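Student: got a structure for you, letters missing:
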């Protein structure tokens with residue numbers, strides 16, 4: 001005789017499924033919220049969780065119940081509230097604005113007020129040119145705010161002084177302008193129309209005056225910085241050692257490859273071009289010990305004299 005009543009195991013399975021359906025499908029039934037960040041899925045923490053379910057409910061019923069609880073825990077974990085930022089964005093913004101305002105205010109004070117203005121002008125590196133001439137050329141009025149001083153323009157004005165080779169102007173806070181100059185140095189002098197001119201190593205004639213004692217004279221048709229013959233002569237004067245340079249009274253250059261030195265004792269030296277100057281100087285040092293009035297060191301390995 002068959003019994004139509006469901007077995008106790010079937011009742012448990014039906015109740016479990018009914019519980020799960022009401023838990024998730026009924027819109028009026030809510031699940032509690034868990035905000036504890038340490039709360040974790042019991043399935044992950046307890047490896048025997050699924051096995052205990054199968055033992056308690058029996059095969060399929062245990063599996064279904066375990067799966068439904070796993071979904072419930074996953075949903076609760078997904079509802080955690082985001083963490084608040086550690087620093088308020090508004091606080092950072094206010095700090096940035098305050099910093100900008102302070103910097104702008106300090107710049108305005110330095111640029112527009114006499115608090116940091118020119119009170120002293122220092123000049124260094126000058127010798128033949130007076131400090132008054134340099135400061136006058138710089139044209140930097142006292143009392144002008146330092147930040148308003150155009151240092152580059154002032155240096156350019158100072159460098160226009162013929163004797164000045166270069167000039168540098170810089171601000172020294174709180175109230176000083178420093179001007180450093182490098183003056184031109186005469187290496188030869190030229191003479192035309194009865195006037196004598198000092199010439200520096202670049203071929204620039206910077207002063208009309210009598211040369212200092214011992215300065216060599218350059219004789220060439222077109223003396224100047226753009227003249228090849230002038231440049232060749234200046235190269236020789238720069239390269240020869242002092243014991244040769246100090247003996248030169250005149251350097252005659254008819255072309256860049258025909259340079260002749262007239263020594264202070266009136267002996268002459270055929271130099272040739274402006275190459276191998278160190279070798280020629282050493283050869284000249286030896287041949288000058290020989291009696292003669294003219295020496296040729298244009299080929300330093302084969303000098304001649306007569």
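Tutor: Yep, it's here. This structure is a prediction, so every number in the text was calculated from the model and none was measured. Numbers count the residues shown, from 1 in each chain.
Student: pull the helix or strand with minimum mean pLDDT from this protein.
Tutor: Here the helix or strand of the chain ranked lowest by mean pLDDT, DSSP states H and E is helix 8-24, holding a mean of 42.
Student: report how many residues lie close to the closest residue in space to residue 296 that isn't next to it in sequence.
Tutor: Among residues not flanking residue 296 along the chain, residue 270 sits closest, at 4.2 Å (CB to CB, 6 or more residues apart in numbering). (C-beta placed from N, C-alpha, C; glycine too.) Residue 270: 17 surrounding residues under other CB atoms under 10 Å.
Student: ok, residue 270 - contacts?
Tutor: 260, 294, 295, 296, 297, 298 (CB atoms under 8 Å, 6 or more residues apart in numbering).
Student: and those, which are buried?
Tutor: Buried members of the contacts of residue 270, scored by 16 or more other CB atoms under 10 Å, are 260, 295, 296, 297, 298.
Student: helix/strand/coil for residue 190?
Tutor: Under the three-state scheme (DSSP: H, G, I helix; E, B strand; the rest coil), residue 190 adopts strand.
Student: so it sits against residue 204, correct?
Tutor: No. With contact defined as CB atoms under 8 Å, residue 190 does not count as touching residue 204 (11.2 Å).
Student: the two - which one has more neighbours?
Tutor: Just comparing residue 190 and residue 204: by other CB under 10 Å the higher neighbour count belongs to residue 190, 19 against 14.
Student: contact partners for the more buried one?
Tutor: Residue 190 sits in contact with 196, 197, 199, 205, 217, 218, 219, 223, where contact means CB under 8 Å, 6+ apart.
Student: quick check: closest non-adjacent residue to it.
Tutor: In space, residue 190 is closest to residue 223, 4.6 Å off (CB to CB, 6+ apart).
Student: my guess is that neighbour meets residue 230, correct?
Tutor: Yes. Residue 223 is within contact range of residue 230, at 5.2 Å (criterion: CB under 8 Å).
Student: joint contacts of these two?
Tutor: Contacts common to residue 223 and residue 230, judged by CB under 8 Å, 6+ apart, are residue 203.
Student: just to be sure, residue 286 is in a strand?
Tutor: No. Under three-state DSSP, residue 286 falls outside any strand and is assigned helix.
Student: contacts only, for the nearest residue to it once chain neighbours are set aside.
Tutor: Spatial nearest neighbour of residue 286, chain neighbours left out: residue 303 (8.0 Å); criterion: CB to CB, 6+ apart. Residues near residue 303 by CB under 8 Å, 6+ apart: 283, 284, 286, 287, 295, 296, 297.
Student: which parts of this structure are helices?
Tutor: 8-24, 42-45, 49-57, 59-77, 89-112, 131-138, 151-159, 228-239, 242-245, 277-287 (DSSP state H).
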